[in-house]
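Enquirer: Make a model of this:
(one chain, ligands or ions: 1)
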Amino acid sequence: MKIIVILGAPGSGKGTVAARLVKTLPLKHVSTGDLLRAAAANADTPLAKSVAETMRKGELVSDEIVGSLVVEQLGKSGAEYEYFLLDGYPRNEKQAAFLEAKLAEGGRKVAKAVWLEVPQEVLVGRLSGRRTCPKCGAGFHVETMKPKVEGVCDACGGALVQRPDDAPENVANRLKVYEAKTASLLGWYEQRGILARVNGVGEADAIAAAVADAIK
Ligand SMILES: [Zn+2]
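Expert: Reported below is the predicted structural model:
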């Protein structure tokens, strides 16, 4: 199984790309958010139990635990998958080093890191135009995915809101924080000769196809 790391700023469309790849490749998409939620809900291994305990206390799950959880998930993944797409981990060089060491114990390594490149001004537009439905969680965009009636959820009729995170004054800061953390991560994978840059602007199917080419 090829281990792929997907990197991209908030608004880069990682989730959309992953959802498409899952349909076209024998690929398992592992987002760390989902992984943590599942571990907390099931608590079916000693590691998952400790995650559940940490999250119940409202504490942050350590880098090491998240990394171990990722590797545990890798071991559980069926042979039907050819690719293991890691989304949301590693987020910085320290986590990348931990993941590398942990994988090496099992004779594995990251095969490719894909960087979904999107210019800052495009990211700002994508993020600040987002609207979500607090009732059902559906997502919309004021330009690219308009609801049928402005400000109203198509699915449940709820009133759409802008998450505080997506307010223009917070978007610039989120992107700055992301960039500061990730710059060194790009260098880390570039040094290992496994970084692939993919243009994240354009039609979603074309972007997913370019990512598929990069990881094959
Ligand atoms: Zn709704």
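Enquirer: center of this structure - which residue?
Expert: With distances taken as CA atoms, centre = their mean, residue 87 lies nearest the centre of the chain, 3.5 Å away.
Enquirer: Give me every residue in the protein lying close to the ion.
Expert: Proximity of the chain to the ion (CB under 5 Å from the ion) is limited to residues 133, 135, 136, 138, 153, 155, 156, 158. Quick note: C-beta positions are derived from backbone N, CA and C, even for glycine.
Enquirer: residue contacts, the residue nearest to the centre of the chain?
Expert: The contact partners of residue 87, taken as CB atoms under 8 Å, 6 or more residues apart in numbering, are 6, 14, 15, 18, 29, 30, 31, 32.
Enquirer: Tell me which of those residues fall in strands.
Expert: For these, the ones inside strands are 6, 29, 30, 31, with DSSP state E as the criterion.
Enquirer: from the residues you listed, which is closest to residue 92?
Expert: Nearest to residue 92 among these is residue 6, at 15.4 Å by CB to CB.
Enquirer: Tell me, how many residues neighbour that closest one?
Expert: With neighbours defined by other CB atoms under 10 Å, the count for residue 6 comes to 24.
Enquirer: That one and residue 18 touch, don't they?
Expert: Yes. Applying CB atoms under 8 Å as the test, residue 6 and residue 18 come out as touching, 6.8 Å apart.
Enquirer: Extract the CA atoms of the host helix or strand of residue 53 and return them as PDB.
Expert: Following DSSP states H and E, one finds residue 53 within helix 46-56. C-alpha atoms of helix 46-56 as PDB (Å, rounded to 0.1, in the frame of the first residue of the first chain):
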ATOM      1  CA  PRO A  46      -5.900   0.600  24.200                       C
ATOM      2  CA  LEU A  47      -4.800   3.600  22.000                       C
ATOM      3  CA  ALA A  48      -8.400   4.500  21.100                       C
ATOM      4  CA  LYS A  49      -9.300   4.200  24.800                       C
ATOM      5  CA  SER A  50      -6.700   6.800  25.700                       C
ATOM      6  CA  VAL A  51      -7.900   9.100  22.900                       C
ATOM      7  CA  ALA A  52     -11.500   8.800  24.200                       C
ATOM      8  CA  GLU A  53     -10.300   9.600  27.700                       C
ATOM      9  CA  THR A  54      -8.300  12.600  26.600                       C
ATOM     10  CA  MET A  55     -11.100  14.000  24.500                       C
ATOM     11  CA  ARG A  56     -13.600  13.400  27.200                       C
END
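Enquirer: who does that helix touch, helix- and strand-wise?
Expert: Applying 3 or more CB pairs under 8 Å, 6 or more residues apart in numbering; DSSP states H and E, we find helix 46-56 packed against helix 32-42, helix 63-76.
Enquirer: Kindly provide the distance from the residue lying farthest from the centre of the chain to the ion.
Expert: Relative to the centre of the chain, the most outlying C-alpha is that of residue 149, 30.1 Å out, by CA atoms, centre = their mean. To the ion, residue 149 is 12 Å away according to CB to the ion, to the nearest Å.
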